[in-house]
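1. have a look at this fold, sequence not included:
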């Protein structure tokens, strides 16, 4: 079974600025990857920011310039290019025909909605599930995950365990399933999907069948 993992970074108008996706097989092997910035959205509209966030928080308004500068460097070095929604849809159509993947994202309702706002059609895939829901049930309920979050301070302002892809992936890396420790999630779409969310998917599939994974993610 193949899975298409999609991730997006968005604009202040709830459209996609940065689109990333990877196709992985059931053994965690990455079969294809794709990352682009959206023509007519990136650079045309401001990146999303939260005016309520502390100044040093990643999505604060004070960090907007740094985030934009990072994307500009990616355009300059060729690790990103500008792309239309129509070309993304052509890529998705080929992926669907070639691999017949199940679609997922970390909080799929968020990414599905933002893609719809940008005329990116994720509705062509026959099956989908939410990787975040599956991870919360398969990983977030483990006592060792609670110990990890408490030790690392991965807690929400109300004292609950963080269930972010960043925290989940760092937990997996800390168990030496993957060599080396992880840096903070970069919040760039392709890298988040490839280096964090794909790791979470593969880890869950070590202890669950694909059918169980799909059920967890509904």
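-> Here it is on my side, so go on. As the structure is a computational prediction, the values presented were derived from the model and not from experiment. Numbering: from 1, shown residues only.

2. in the chain, which spans are helices?
-> Ranges of helices in the chain, per DSSP state H, are 64-77, 85-99, 108-117, 131-138, 143-152, 165-174, 189-192, 198-204, 210-216.

3. in a markdown table, list those along with mean pLDDT, mean neighbour count and distance to residue 29.
-> The way it works is simple: take the backbone N, C-alpha and C, and place the C-beta from them, glycine included. Below are the helices of the chain laid out as a markdown table (pLDDT from 0 to 100; neighbours: other C-beta atoms under 10 Å; distance: least, C-beta to C-beta, whole Å):
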| stretch | mean pLDDT | mean neighbour count | distance to residue 29 |
| --- | --- | --- | --- |
| helix 64-77 | 96 | 13 | 25 |
| helix 85-99 | 98 | 15 | 12 |
| helix 108-117 | 98 | 18 | 22 |
| helix 131-138 | 98 | 22 | 17 |
| helix 143-152 | 96 | 14 | 26 |
| helix 165-174 | 94 | 22 | 17 |
| helix 189-192 | 98 | 23 | 17 |
| helix 198-204 | 96 | 22 | 9 |
| helix 210-216 | 96 | 16 | 15 |
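
4. quick one: closest of those helices to residue 35.
-> With distances scored as C-beta to C-beta, the stretch of the helices of the chain nearest to residue 35 is helix 189-192 (3.0 Å).

5. just checking, what packs against that closest one?
-> When contacts are defined as 3 or more C-beta pairs under 8 Å, 6 or more residues apart in numbering; DSSP states H and E, helix 189-192 sits against strand 3-10, strand 16-24, strand 30-38.

6. possible to save these as JSON lines with mean pLDDT, mean neighbour count and distance to residue 139?
-> Output for the helices and strands packed on helix 189-192, formatted as JSON lines (pLDDT from 0 to 100; neighbours: other C-beta under 10 Å; distance: least, C-beta to C-beta, whole Å):
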{"stretch": "strand 3-10", "mean pLDDT": "98", "mean neighbour count": "26", "distance to residue 139": "16"}
{"stretch": "strand 16-24", "mean pLDDT": "98", "mean neighbour count": "25", "distance to residue 139": "18"}
{"stretch": "strand 30-38", "mean pLDDT": "98", "mean neighbour count": "19", "distance to residue 139": "21"}
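
7. nothing else from me, thank you.
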